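In: when you get a sec, could you give me coordinates for this:
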Amino acid sequence: MKETDPRFASLTGKVGLFFIAAVIGIIATVVFIGIERGLFTAKYKIYFTVDKGTGFFEGMPVKLSGFKIGKIDSLSLDEHAKVKVTLLISRKYGKWIREDSRAILTKEGFVGETVIDVTVGNQSKPVLKDDSAIKFEKTRGLEDIAEEVKPVLNEIRDIIGYVNDPKGDIKQTLANLKTLSAGLNATKESVDKLLKNADSNISGVSSDASKTLKNIDKTVSSMNEKINPVIDKLNRTMDNAEKTTANLKDAVEKAAPKIPPLLNKGEDTLSDTNEVMKSLKQTWPIRLFIERPKDSLIHGDSYE
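Out: This next block holds a predicted model:
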């Protein structure tokens, strides 16, 4: 192959162009990724201190109102052996982070990502400057909840052990209840027998009572048959008596005006008769046959 082959005359230039294009593409990709991740955005640092660094790691997202504004830049120990957590925040979001803002370690959802949540501060408060401290607010985690629940679990364990103790009160009570239940079953059978006997006796008494009631009904019916005619006669007699009373009342009312003159005439006749009798008694010889009344002594009262 000759070096003056026309097919390879521009090969060097083409390779150079390809290399330059590749470098430009790599640079553009890096810049694009840097812009997406905020590598070229102005940032500043704030920090807070905690007793333990458990749950924190470098690169942990920092969010404000659910929007990512930075990350944990570093973890270090200070002179008091406390953990200093440094946050790297995009400066364009710093206007919402004030002196009263709080940094909270939380999870997005029950099993979501662990993040640092920064609260929005009061706009009347000053903005936190670079390398300023932000207050950290601890939230209850699973470990804290487990510590609170542990005494309750211990009590539940003790209760279960007490219940399962074969010589304990509960086991003994259950055994007594079992014995009592057996006795109650025997008592129930006896009560059932008594109820059956009572049912048979009640049935006999009920039949006798039914017969007695039937006899009473027959007796009452026969008495009604005998009494009804008598009552009818009494009703007719009362009607007749009422009519007779009415007639007597009318007769008395009609005769009432005639009674006084008749009484006057009767008195005159009686007076005339008395005078005639006196005259006859004094006439002889009739007076000889009339005995004179004997004098009789009036005895006094024995108490006088």
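In: okay, now the unreliable bits of the stretch 101-250 of the chain?
Out: Per-residue confidence for the stretch 101-250 of the chain (pLDDT under 70) gives these ranges: 110, 140-146, 201, 203-206, 220, 224, 226-227, 230, 241, 248.
In: at 50 instead, please
Out: Across the stretch 101-250 of the chain, nothing is flagged by pLDDT under 50.
In: please name the bridge partners of residue 136.
Out: On the basis of DSSP bridges, residue 136 is bridged to residue 103.
In: does it touch residue 106 like I think?
Out: No - assessed by C-beta atoms under 8 Å, residue 136 is found out of contact with residue 106, at 11.8 Å. In this view, the C-beta of every residue, glycine as well, is placed from N, C-alpha and C.
In: whatever helix or strand residue 26 lives in packs against which elements?
Out: Assessed by DSSP states H and E, residue 26 sits inside helix 11-36. Taking 3 or more C-beta pairs under 8 Å, 6 or more residues apart in numbering; DSSP states H and E as contact, there are no helices or strands that helix 11-36 lies on.
In: neighbouring strands - and their directions - for the longest strand seen in the chain?
Out: When the chain is parsed with DSSP state E, its longest strand is strand 67-77. Looking at strand 67-77 with DSSP bridges, its partner strands are strand 61-64 (antiparallel), strand 83-90 (antiparallel).
In: dump those strands into a markdown table; add distance to residue 154 as well.
Out: Formatted as a markdown table, the strands paired with strand 67-77 follow (distance: least, C-beta to C-beta, whole Å):
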| stretch | distance to residue 154 |
| --- | --- |
| strand 61-64 | 38 |
| strand 83-90 | 32 |
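In: per-residue confidence for residue 45?
Out: Note on residue 45: pLDDT of 92.
In: who's it bridged to?
Out: Per DSSP bridges, the residues bridged to residue 45 are residue 88.
In: wait, doesn't it sit right on residue 73?
Out: Yes - the criterion here is C-beta under 8 Å, and residue 45 meets it with residue 73 at 6.4 Å.
In: residues touching residue 184, list them.
Out: Taking C-beta atoms under 8 Å, 6 or more residues apart in numbering, we find residue 184 in contact with no residue.
In: so it is in which element?
Out: Here residue 184, judged by DSSP H and E, is contained in helix 169-255.
In: re earlier: nearest to residue 15, of the strands paired with strand 67-77?
Out: Residue 15 lies closest to strand 83-90 among those, at 41.8 Å (C-beta to C-beta).
In: more neighbours: which of residue 45 and residue 73?
Out: residue 73 (18 against 14; other C-beta atoms under 10 Å).
In: so that one sits right up against residue 62, yeah?
Out: No - contact between residue 73 and residue 62 fails when scored by C-beta under 8 Å: they sit 9.5 Å apart.
In: any residues in contact with both of these two?
Out: Counting by C-beta under 8 Å, 6+ apart, the contacts common to residue 73 and residue 62 are 87, 88.
In: in contact with residue 118, which residues?
Out: For residue 118, the contact set (C-beta under 8 Å, 6+ apart) comprises 62, 63, 64, 69, 87, 97, 101, 102, 103, 104, 134.
In: now restrict those residues to buried residues only.
Out: 62, 63, 64, 69, 87, 97, 101, 103, 134 (16 or more other C-beta atoms under 10 Å).
In: those: which two are farthest apart?
Out: Farthest apart among those by C-beta to C-beta are 63 and 134. That separation is 13.8 Å.
In: so how far is residue 157 from residue 12?
Out: Separation of residue 12 from residue 157 (C-beta to C-beta, to the nearest Å) stands at 83 Å.
In: contacting residues around residue 120?
Out: Going by C-beta under 8 Å, 6+ apart, residue 120 touches 64, 65, 96, 97, 98, 101.
In: what about it, which SS state?
Out: Using DSSP: H, G, I helix; E, B strand; the rest coil, the structure places residue 120 in coil.
In: quick check: closest non-adjacent residue to residue 77.
Out: residue 83 (6.3 Å; C-beta to C-beta, 6 or more residues apart in numbering).
In: before we move on, the earlier item: which one of the contacts of residue 120 is nearest to residue 271?
Out: residue 65 (146.1 Å).
In: dihedrals phi and psi, the closest residue to the closest one other than its chain neighbours?
Out: Excluding the flanking residues, the one nearest residue 65 by C-beta to C-beta, 6+ apart is residue 120, at 6.5 Å. Residue 120 adopts backbone torsions of phi -80, psi 130, taken as degrees, to the nearest 10.
In: on that earlier part again, I'd guessed the residue nearest to residue 77 sits against residue 48; true?
Out: No - counting by C-beta under 8 Å, residue 83 does not reach residue 48; the two are 9.4 Å apart.
In: list just the nearest of the contacts of residue 118 to residue 115.
Out: Nearest to residue 115 out of those is residue 63 (C-beta to C-beta; 5.3 Å).
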